[in-house]
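A.B. asks: generate a structure from the sequence data that follows.
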Amino acid sequence: QVQLVESGGGLVQPGGSLRLSCAASGFTFSSYPMRWYRQAPGKEREFVAAITSEGAHTNYADSVKGRFTISRDNAKNTVYLEMNSLKPEDTAVYYCNGRVRGYEYWGQGTQVTVSS
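C.D. replies: Below you'll find the model as predicted:
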């Protein structure tokens, strides 16, 4: 059974940093690209970042480019999202995503709130 479990969210001041983690199980993690999405109140879920299966290539939404870094540790079956220079508009629930054997899987999400 595929499971994705996010952690690391919280309340942070503008300009601060957080690191999100997503622990994966139930599939061969190292064989699949992984993604982070986010959903702010009243808005649609949007793409944040992606990483290829071995971590060689990454892709980011323009709104986070230069501030966020996606990475993965295939030995730990975990994907990370390092978030720096956080802004109030980064406030959202952040979701880990994987497309495994033709199916879309999501974690439960972790809340990130950027506020003074």
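
A.B. asks: taking the centroid of the chain, which residue is nearest it?
C.D. replies: Most central in the chain under CA atoms, centre = their mean is W36, positioned 3.2 Å from the mean C-alpha point.

A.B. asks: the helix or strand where that one lies pairs with which strands, and in what direction?
C.D. replies: Per DSSP states H and E, W36 falls inside strand 34-39. Strand 34-39 has its sheet partners listed here by DSSP bridges as strand 46-51 (antiparallel), strand 92-100 (antiparallel).

A.B. asks: isn't Q3 up against C22?
C.D. replies: No. Applying CB atoms under 8 Å as the test, Q3 and C22 come out as separate, 10.2 Å apart. Yep, even glycine has a C-beta here, placed from its N, CA and C like the rest.

A.B. asks: report the separation between T113 and T78.
C.D. replies: Going from T113 to T78 by CB to CB, to the nearest Å gives 23 Å.

A.B. asks: follow-up on the earlier one: which of Q3 and C22 has more neighbours?
C.D. replies: For Q3 versus C22, neighbours defined as other CB atoms under 10 Å are more numerous around C22 (25 against 12).

A.B. asks: roughly how far does that one sit from F68?
C.D. replies: Distance from C22 to F68, by CB to CB: 14 Å.

A.B. asks: overlap of the contact sets of the two?
C.D. replies: When contacts are counted by CB atoms under 8 Å, 6 or more residues apart in numbering, the set common to C22 and F68 consists of L81.

A.B. asks: if we can go back for a sec, list the contacts of the residue nearest to the centre of the chain.
C.D. replies: So W36 contacts 20, 22, 48-50, 70, 79, 81, 94-97 (CB under 8 Å, 6+ apart).
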